[in-house]
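1. Show me the folded form of this:
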Amino acid sequence: MRKTFSAILVTTLVLTGCATVRDSRVNPFNWFGSARSEPIARTAASTNPLIPQSSGLFAGARKRQATYAGQPFDQVTDLTIERVPGGAIVRATGLAARQGVYQVQLTPANEDELPVDGILTYRLEGVEPAKNTNVGAKPTREVTAGRKLTDQMLAGVRTIRVEGLRNALTARR
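-> Sure thing, here's the model as predicted:
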């Protein structure tokens, strides 16, 4: 038992330490090969039967929910851009005028989300509650929103700008 366990342990350590095993047929992760993309033959009338068409009892409610009723934040307090593989994540922290703001998002200033003169602009927006809420202390009114940008979206961008009602923060590349 001791010899078998020792042999298995040594074999495992040797195989995991060897960089060429990663690409060899000994590695079980390579047994099925790599994935390949293939085109799908589609007919003109191919639709997904699981996605309902815009008819039915709640079709009107679904259309009403599509509009975003967010208002710009009072202040933008922090702007951070983190590089990730394939792009960047823009993270903005804002200070609301009162507590209870929800559905916070970074909304692009233009529909196409294209930079204007090398500046990509977003508004920090959130939906305010219907009833009046307390103003509260600063930490209870702070919220953070993020948005992932791909390398293609960042092509030609020199500055990212996030706007609030009272101020705007910019970050340069």
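
2. quick one: low-confidence ranges for this protein?
-> In the predicted model of the chain, residues 15-49, 51-66 satisfy pLDDT under 70.

3. Spatially central residue in it, please.
-> By Cα atoms, centre = their mean, the chain has its centre lying nearest to K148, at 4.2 Å.

4. so which helix or strand takes in that residue?
-> K148 belongs to strand 142-150 when assigned by DSSP states H and E.

5. cool, P139 as well?
-> helix 138-141.

6. and that helix, how far from the chain's centre?
-> Here helix 138-141 is found 24 Å from its chain centre; the criterion is Cα atoms, centre = their mean, to the nearest Å.

7. what's that helix in contact with?
-> Helix 138-141 is contacted from outside by L95, A96, A97, R98, Q99, V101, V135, using Cβ atoms under 8 Å, 6 or more residues apart in numbering. Quick note: C-beta positions are derived from backbone N, CA and C, even for glycine.

8. If I follow the layout properly, Q99 ends up in contact with K131?
-> No - counting by Cβ atoms under 8 Å, Q99 does not reach K131; the two are 11.2 Å apart.

9. Quick check on these two: which one has the bigger neighbour count.
-> Q99 (14 against 6; other Cβ atoms under 10 Å).

10. ok so, going back, in contact with the residue nearest to the centre of the chain, which residues?
-> Per Cβ under 8 Å, 6+ apart, neighbours of K148: V84, G87, A88, I89, V90.

11. Against V76, how distant is it?
-> 19 Å (Cβ to Cβ, to the nearest Å).

12. Give the full set of residues in contact with the residue nearest to N132 when sequence neighbours are not counted.
-> Among residues not flanking N132 along the chain, R98 sits closest, at 7.8 Å (Cβ to Cβ, 6 or more residues apart in numbering). By Cβ under 8 Å, 6+ apart, the contact set of R98 is E128, N132, T133, N134, V135, G136, R141.

13. sorry, back to before: for the helix holding P139, list every residue counted as buried.
-> For helix 138-141, the neighbour count (16 or more other Cβ atoms under 10 Å) marks R141 as buried.
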